Every structure is written in structure tokens, then in C-alpha cells.
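# build me a model from this:
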Amino acid sequence: MDLKGKTAFITGGASGIGLAMAEAFGRAGMSVMLGDIDEAALKAAVEKLEGLQVKADGLVCDVTERAALEAAANRTVETFGKVHVVCNNAGVGAGGPLGEVAAADWDWVVSVNLMGVVYGVESFLPRIRAHGEGGAFVNTASMAGMLSPPGMEPYSATKFAVVAMSEGWAAQLAPENIGVSVLCPGFVKTRIDQSGRARQARFGGPKTLAPVAADSPVQTGIDPARVGERVREALEAGERYIFTHPDMRPMLEARFAGILAGFDQAAASPALAGMDYSTPQNIGMLDL
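As a prediction, this is how the structure comes out:
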């Protein structure tokens, strides 16, 4: 994509990766609409972008509410005329030992991390289609959408879902010149470990956690600015999978090796010997 002169909408845009993407897009000549649940942080973020000579605006947006994303889509088009890039970036984290994760934690994580992406894509897609110039969605997953660390199952389940949805949508929208990329960062120095600070009342309300150790994986992660620039260059190059931590490749290769070993075991299985069946190689949504 040529980003100059185009418009982006970003959820979770008031801080961390979201704000870093906004800054990178602004430097590339884009206008930016930020959506965030934290009104004070949102105001500060818009002022920062304007100070950098970026055309920017923002609105309070709770991604767990479909109507909020519909309103955001309308507001973005009203403000900037068109929207081309939508970054479904808002995310929260929760986990714990098996059997000890509260139902409200599951509901919160699924509502923000999974359904927030669904609502974002479904609300903005008609606006991108309307101008016929093509566009792109960038859905923030995580390396936890490729690997599942013990104790983070609610988070990982939603991030695996974001990867799966993005892959399917990419195939559906490619003929319309609308790309779908999935961002899978490793540890980034953000406030994800304090995401409960803005937790909605219906999910139990805000939860203040103890200060995170300075040497924690998140606090020693990479600068969000690098992620913002990585997303910009990936959009310009049309990349589908956007990774930020190439040193994590061996971990993923180890997972793939275990999966391939399972296929080897199936191929040698007496229970499957002599089976006269061939799986269709081009399975579409209407074939299921």
C-alpha cells in the first residue's frame, strides 16, 4: 500500500503499540483516528500527534460493544472522508491455574480480544468497500497466538482465534484488494500487564495489580516504536504475518515439529492402515 494521504483507525490507540502505529502512520503521511476506552490518555495521545503535525482525532470507544465500533466507523468517515486501514489493536490479558480463572476474566478477555476484532472488521468493512480504493486490516494477535504458554490459556485462546480469523478473512477479501494482516509481537514494553485498570463494570470493574518488576519480560521488552514502524513497513509490503521478534522462530519451529510428528504417527497408525480416503485439497466455507 501507498499510505500517503490515506486514513487509519486504531483501537487501543492512546498508548503502547496503538499509539506507536499512529505515530508511524502519521510520519508516512496518513490521517489517524484513535479509539480508546481511556478518555484522558486519548486526549493526550491526540495532542501528541497534533504536535507532530499529524492530522489526528480520537473518540472514546469500548470495543466490546458493536455499536461503539459502528459509531467509530461513522465518525472516522465524517472526519476524514474515507478510511483505508483499520488496526484492531485493543487487547487485555488474564490467566491463571486451570480451574482458578474466574468466569468474568474469561468473558472480559474474549469480549475485548476476540469479539472486539470481529466488531472492528464487520463495522469498517462496508466503509472500505464503499470507496473502492482497497485497504487493509491489521489485527493484533501475539506470539501467544502461535505458542501457548501455560497459565495464559484465556489470552492465548483469543490470540489463536485472531490468527485464524485473519487467515480466513484474508482469503475472502483478497479479490477486493483489501488485505488482512495479523500482528504477532513478542514482549513489548507496554502496559498490557496493567490492562485491568480500565476493566468495564460488567466484567468486575477495574483491578489494580501490584507494580510489575522492572526486570519482567514486559518491562524489558522492545520499544513500541519499533513495532509501529514494523507494521508500517509490513503494510507497504503487503505482508500477511507481521512478526517483531525473529529470535522466537526456534520456539515456533519446535511447536511445528511436534505437530508434524503427530502426522508421522498417523501415517504409521495400524488403525488407519488401508484407509481409502482422500481429503479435498481446496476446502471453502461452503464446503464445510
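
# list the buried ones in the longest helix belonging to the chain?
Ranked by residue count and defined by DSSP state H, the top helix of the chain is helix 153-173. Buried residues in helix 153-173, counted by 16 or more other Cβ atoms under 10 Å: 153-163, 165-166, 169-170, 173. Just so you know, the C-beta spots here come from the backbone N, C-alpha and C atoms, and that holds for glycine as well.

# so which elements touch that helix?
Applying 3 or more Cβ pairs under 8 Å, 6 or more residues apart in numbering; DSSP states H and E, one finds that helix 153-173 contacts helix 103-109, helix 116-131, strand 135-140, strand 178-184.

# what stretches of the stretch 101-250 of the chain score poorly on pLDDT?
The stretch 101-250 of the chain contains residues with pLDDT under 70 at 209-212.

# try 90
190-199, 206-221 (pLDDT under 90).

# residue 186: which of the buried residues of helix 153-173 is nearest?
Proximity of those to residue 186, judged by Cβ to Cβ, is greatest for residue 159, which lies at 12.1 Å.

# so who does that closest one touch?
Shown in contact with residue 159 (Cβ atoms under 8 Å, 6 or more residues apart in numbering): 113, 141, 142, 144, 145, 184.

# I'd say the fourth one and residue 151 touch.
Right, residue 144. No - under the criterion of Cβ atoms under 8 Å, residue 144 is not in contact with residue 151, lying 11.1 Å apart.

# out of these two, which sits in the busier spot?
Between residue 144 and residue 151, counting by other Cβ atoms under 10 Å, residue 144 is the more crowded of the two (22 against 14).

# the more buried one in helix, strand or coil?
Classification of residue 144 using DSSP: H, G, I helix; E, B strand; the rest coil returns helix.

# need the contact list for it.
Residue 144 sits in contact with 152, 155, 156, 159, 160, where contact means Cβ under 8 Å, 6+ apart.

# and the residue nearest to the second one when sequence neighbours are not counted, helix, strand or coil?
Looking back up the chat, that one is residue 155. The shortest distance from residue 155 to any non-neighbouring residue, by Cβ to Cβ, 6 or more residues apart in numbering, is to residue 93 (5.1 Å). Following three-state DSSP, residue 93 is assigned to coil.

# same question, residue 3
Note that with three-state DSSP, the state of residue 3 is coil.

# so what's the residue count around it?
Neighbours of residue 3 (other Cβ under 10 Å): 20.

# thinking it is in contact with residue 30, fair?
Yes - counting by Cβ under 8 Å, residue 3 touches residue 30, with 5.2 Å between them.

# residue 127 touches residue 75, doesn't it?
No - counting by Cβ under 8 Å, residue 127 does not reach residue 75; the two are 10.8 Å apart.
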